[in-house]
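*Asks:* Provide a 3D model corresponding to the input given below.
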Amino acid sequence: MNVDTTTRPAGARGRLLPLGVYLLAFSLFAMGSAEFLLAGVLPAVAADIEVSLATAGGLITAFAAGVVIGGPPFAVLSLRWPRRTALVLTQLVFAGCIAAGLIIGSYPALLVTRFVAGLAYAGFFAVAAVTAVSLVAADRAARASGVVVSGLSLAMILGGPAGTLIGYRTSWEGGFWLVVALTLAAAAGSGVAMPRATAGPDPSIDRELRTMRQPRLWLVYAATLLSTAAYMITFNYLAELLDHVTGIPDSWIAAVLMLFGVGAYVGLAIGGRIADRRPHHALVAGSAGIVVCSVLIATLAGHALAVVPLVLLLGVAGFVVNPAIYGRVFTLAAEAPTLAGATTVSAFQLGISLVPLMAGIALHAGAPITGVAWIGAGLAALAIAVALVEGATAISATPSPSAAAPRPASDARTSPPPSSTP
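*Replies:* Okay, the predicted model is just below:
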């Protein structure tokens, strides 16, 4: 039985967020590390299973495809489950798939298990975002979402590089076994510490589907896809740019890339505090920051003293946007957040998945590597336009004070009763 929607945990209004929010962030750190780890050990994987590097890259695509399509169906399937059950189950399936792929060790097995792991990861991410919001007061929802997503930033800063280092010190499987162990520990913590049921109305598939018909919600998804692709297209090709254009020594490239993750963590902290009160400001400001950083990276690519701090600032700008996106989604879908939250995860991942296609078209056409940063600037500019349209729509949808004010008693006696239709 769901608790009353006005009931919140005792610590929800304190300085710190509830323990469950941080536990969800740790879980996302454990699972997200597998996403960033594979790229670091891909040559070793290809050599071990005796396939080409391009073929081994299909393992990255399989995981991404699972994430893109996995969230919404799982949200519908698990709608009536206790959220604790959904969280624990998705973590167990994820850990089991990673372990099974390591044990079998063949390319087809890794391909299938990576895809199913992506499905489980998307399902966990979607339920975790909704659960985090339900654990706090409404005016801290964006901050709670930002803390959960910060688990991915830590995975980028620490999890992926640490797993890669372990992989090269032992074997490429070593980092993934650590992911399995951490995920199982997080699942155990979720089973013990997370409430069985969380605040909110009784789940309804019809209500979830009706919520998804809001045009404003799809504008937020469009801004999500565009802004995510905008900063990721530059980040994904930073190593090439730093090596061949900026001229940074190979030994320092990894450290510069980690600055992006540091910036992302800072951006989530800033965005989580702004987005609870001014989500549109955070969304537009973050996207504008992506435009500025991308243009400066493209034009100043040959100057290390300029590019290095810009990498940090790009991470800040890109991840200021994320809490604002979740804040808007859960405001628009307050009564039916599960499917809407799951679709947000898919929009994020779709933005990431489209990056190789867009960059590939430009680079195959002969564009320089700095061209990807210009593409990022253009995508961020489109994100600003979409965010402004959504903001204008939100203003026009708000009733004016005169319309909302009660009529005088004399008017009420002579006028027909108001219609119940919105």
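
*Asks:* so what's Ile375 scoring on pLDDT?
*Replies:* Looking at Ile375, its pLDDT reads 95.

*Asks:* meant to ask about Arg413, not that
*Replies:* Arg413 carries a pLDDT value of 38.

*Asks:* show me what the helix ranked longest in the chain is packed against.
*Replies:* Assignment by DSSP state H gives helix 19-49 as the longest helix of the chain. Contact partners of helix 19-49 among helices and strands, from 3 or more CB pairs under 8 Å, 6 or more residues apart in numbering; DSSP states H and E: helix 53-56, helix 58-77, helix 83-104, helix 107-134, helix 141-154, helix 160-169, helix 173-193. To be clear about C-beta, it is placed using only N, CA and C from the backbone, and glycine gets the same treatment.

*Asks:* and it, how far from the chain's centre?
*Replies:* When C-alpha coordinates are averaged (CA atoms, centre = their mean, to the nearest Å), helix 19-49 and its chain have centres 14 Å apart.

*Asks:* any idea what sits nearest Pro323, other than its immediate chain neighbours?
*Replies:* Setting aside the residues directly before and after it, Pro323 is nearest to Gly146 in space (CB to CB, 6 or more residues apart in numbering), at 3.7 Å.

*Asks:* same question for Ala229.
*Replies:* Here the residue nearest Ala229, using CB to CB, 6+ apart, is Gly351, at 4.1 Å.

*Asks:* how many residues are close by that neighbour?
*Replies:* Neighbours of Gly351 under the rule other CB atoms under 10 Å: 23.

*Asks:* now the host helix or strand of it: average pLDDT?
*Replies:* Using DSSP states H and E, Gly351 maps to helix 337-364. The pLDDT scores in helix 337-364 average 83.

*Asks:* ok, stretch 287-307 next?
*Replies:* Here stretch 287-307 scores 95 as its mean pLDDT.

*Asks:* what's in contact with it?
*Replies:* Residues outside stretch 287-307 that contact it (CB atoms under 8 Å, 6 or more residues apart in numbering) are 223, 227, 230-231, 234, 241-242, 245-248, 310-311, 313-314, 316-318, 320-321, 370-371, 373-374, 376-377, 380-381, 383-384, 387.

*Asks:* pull the distance from that stretch to the chain's centre.
*Replies:* Centroid separation for stretch 287-307 versus its chain: 23 Å, with CA atoms, centre = their mean.

*Asks:* buried sites along that stretch?
*Replies:* Going by neighbour count (16 or more other CB atoms under 10 Å), the buried part of stretch 287-307 is 287-298, 301, 304, 307.

*Asks:* and stretch 269-284, by the same measure?
*Replies:* The neighbour-count check on stretch 269-284 (16+ other CB under 10 Å) flags 269-276, 279-280, 282-284 as buried.
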